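>>> Sequence and computational prediction follow.
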Amino acid sequence: MHQPGTPTQEQPTFLPRSAPDYLPEPQLRELQLTRLQAIVTRAYERVPLFRERCEQRGVQPSDLRQLADIQHLPFTVKNDLRDTYPFGLFASPREEIVRLHASSGTTGKPIVVAYTQDDLDVWSEVMSRTFAACGVHAGDMVQNAFGYGLFTGGLGAHYGAEELGATVIPISGGNTERQMMVMRDFGVTALCATPSYFLHLLERAREADIDWANLPLRVGIFGAEPWTEAMRQRIEQESGIRAYDIYGLSEIIGPGVGSECCAQDGLHIFEDHFYPEIIDPESGAPLPDGEEGELVLTTLSKQAMPMIRYRTRDLTTIIPERCRCGRTLRRIQRIGRRSDDMFIIRGVNVFPAQVETALLQVEGTLPHYQITLSRKGSLDQMEVAVEVTEAVLSDTVGGMEALQKQVADALEHIIGLRVGVRLVEPQSLPRSEGKAKRVFDNREG
Amino acid sequence: MKFKQLSLFLENQPAHLKQPCRILAEAGIDIRPLSLADADQFGILRLIVADWERAKHVLEEAGCAVRVDEVVGLEVADECGGMAHVLEVLEQGGHNVLYTYAFTFGEAGRAVLFMRFEDPDAAIAALQAGQIHVLDPVRWLKRTE
Ligand SMILES: [Zn+2]
């Protein structure tokens, strides 16, 4: 049995909720195929867009004889959800739908997702398995700082933690003072938040002289935005908690698609409900396990809104080796790069993750930074503003100029472009309470 | 025999220098010598104060990154050749001065130099051997209060 405070000792406990994590592989594949055939049949019969596309390709649900046949099915993309706004992809009659969520929709129409009661039960199940994999137990005090509302994060984590038997504090995001008060006064043992918001909390707690070492907080469950291994190390070192990465997206179900385990070495996909594939993002061709490409997910049990071969735009790899935690569920590498985050400057593709790699190389930990793109004449400019931390502060101008040059050199080496580096005062870049916005594109047109 | 010097990073923008000075003033901390080294986009503000630990704390609370280094303070006659003699002594001993700044206060005819060395202890020994008055931080800060 797992002992609180020593998460690395976690053993497979076969709690009823976690049992599907350890299904023998042949049984898991058989279950996936049965569920895949059923869900594809459901979508074919009930979702006109999907049926149309299948007919164009000359495929039918009965063509699915083995799992690999999934590659003959058409993809679904985010625009399909916008084009059929609001309810065009629903496979259940309206009266069977008990919950709707929607994306905030920064551009144009939002996307709407739907759940039947069975879907909500599956969601609670996969989220409770997520908590269990991260070493959270019945009896834990869970502060849920994911946003409640149309966003899936808050309610998804909420029902999952309740299902597990934990105590949930539905505090939602924002209001840092109150978060800190609750954390201290209620004896919070696990916290759900975006990693950038947790760093913000840490900074504010330091300013308020809160002694993290004496708080009972032991687990952080972080998701909703890509983050790096270096950020994990910084969080774990500065707060003394164990920080876990979880994965999900509203189009598939919300949080609960995948989760790290005690090994912190890749995220297990809850494959009994979500079937993962990796494809070449250019050609759409399937790639074998172990190769990097775009993650494509198929919901195997979602009734209200089956998603068949949904292109996530997330770049990752399926790890072929079995995890040392004993789960048979395949893992994906943590997602650092999202094809949506990429920007193009002077013809070169750049990911914020590359900038983070350069900063880490030079500084050892990741400082706050911001990327600004602008246009001077016809030439695109990229400038990285980096907050100076005590660790890299020199008492000479020459020392700071050397740091500036080191960062520029590291960036040039990784990106292949000479870009501007500006050192700025600590705490001077804007902090977001949700997902950190790193790239500001001021180029016109 | 060494002073604790605080260094702060500042962006080269109007009013950015005022901020740390105001923070210290509000905390009732009196800045003694102050020097600003600046480049195009930023500057390094160096300060010597009586209670450096409290100064560091209030600056950090206000969100500044603060670095602490040890510098050597010495008193020279504020006259032609005073500085040259100091530099000669240091040169003979091979003590490289990373940077220096001067400060004059109420006592006429005297100037105080603050110098940063790679090896301040060796530099102090050389200065003292050369009959140069190396300041005792506690006494000097008290004397100039
Ligand atoms: Zn594992």
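Cool, got the structure. Numbering: from 1, shown residues only, chains lettered A, B, ... in the order given.
>>> Using CSV, list the CA coordinates for whichever strand or helix holds residue A:294.
Using DSSP states H and E, residue A:294 maps to strand A:292-299. The C-alpha trace of strand A:292-299 is given here as CSV (Å, rounded to 0.1, in the frame of the first residue of the first chain):
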residue,chain,number,x,y,z
GLU,A,292,7.4,11.6,-33.0
GLY,A,293,4.3,13.0,-34.8
GLU,A,294,0.9,14.4,-34.1
LEU,A,295,-1.3,12.7,-31.6
VAL,A,296,-4.6,11.5,-32.9
LEU,A,297,-7.2,10.2,-30.4
THR,A,298,-10.4,8.2,-30.9
THR,A,299,-13.0,8.1,-28.0
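>>> So residue A:199 sits against residue A:239, correct?
No - applying C-beta atoms under 8 Å as the test, residue A:199 and residue A:239 come out as separate, 9.4 Å apart. All C-beta spots, glycine's among them, are computed from the backbone N, C-alpha and C.
>>> which parts of the strand holding residue A:294 are buried?
Of all the residues in strand A:292-299, those buried under the rule 16 or more other C-beta atoms under 10 Å in any protein chain shown are A:293-299.
>>> ok, now stretch A:214-231?
For stretch A:214-231, using 16+ other C-beta under 10 Å, the buried residues are A:215, A:217-228, A:230-231.
>>> Now the two most distant members of those residues.
A:215 and A:226 (26.9 Å; C-beta to C-beta).
>>> So what's the residue count around the residue of the stretch 1-150 of chain A found nearest chain B?
Across the stretch 1-150 of chain A, no residue is closer to chain B than residue A:145, which sits at 23.0 Å (C-beta to the nearest C-beta). As a burial measure, residue A:145 scores 30 neighbours (other C-beta atoms under 10 Å in any protein chain shown).
>>> For residue A:293, list each beta-bridge partner.
residue A:316 (DSSP bridges).
>>> Quick check: it touching residue A:281?
Yes - contact status for residue A:293 versus residue A:281: in contact at 6.2 Å, counting by C-beta under 8 Å.
>>> which neighbours do the two share?
Applying C-beta atoms under 8 Å, 6 or more residues apart in numbering or on different chains, one finds that residue A:293 and residue A:281 are jointly contacted by residue A:315.
>>> Which residues are in contact with the residue in the stretch 201-350 of chain A that chain B sits nearest to?
Proximity of the stretch 201-350 of chain A to chain B (C-beta to the nearest C-beta) peaks at residue A:207, 6.4 Å away. Residues near residue A:207 by C-beta under 8 Å, 6+ apart: B:61, B:63.
>>> Mind doing that once more with 6 Å?
Residues near residue A:207 by C-beta atoms under 6 Å, 6 or more residues apart in numbering or on different chains: none.
>>> before we move on, what about the one 10 residues further on?
Counting by C-beta under 6 Å, 6+ apart, residue A:217 makes contact with A:188, A:241.
>>> So which residues of chain B form strands?
B:2-11, B:31-38, B:42-49, B:66-77, B:97-103, B:110-117, B:133-134 (DSSP state E).
>>> Can you spell out the domain ranges of chain B, please?
As given by automatic domain parsing, the domain ranges for chain B are B:2-69, B:70-143.
>>> mind checking which of the ones you listed is nearest the ion?
domain B:2-69 (38.8 Å; C-beta to the ion).
>>> Can that closest one be said to contact chain A?
Yes - applying C-beta under 6 Å from any C-beta of the partner chain, one finds domain B:2-69 in contact with chain A at B:7, B:9, B:11, B:37, B:39, B:42, B:44, B:63, B:65, B:67, B:69.
>>> Please check those residues and keep the buried ones.
The buried subset of these - by 16+ other C-beta under 10 Å - is B:7, B:9, B:37, B:42, B:44, B:65, B:67, B:69.
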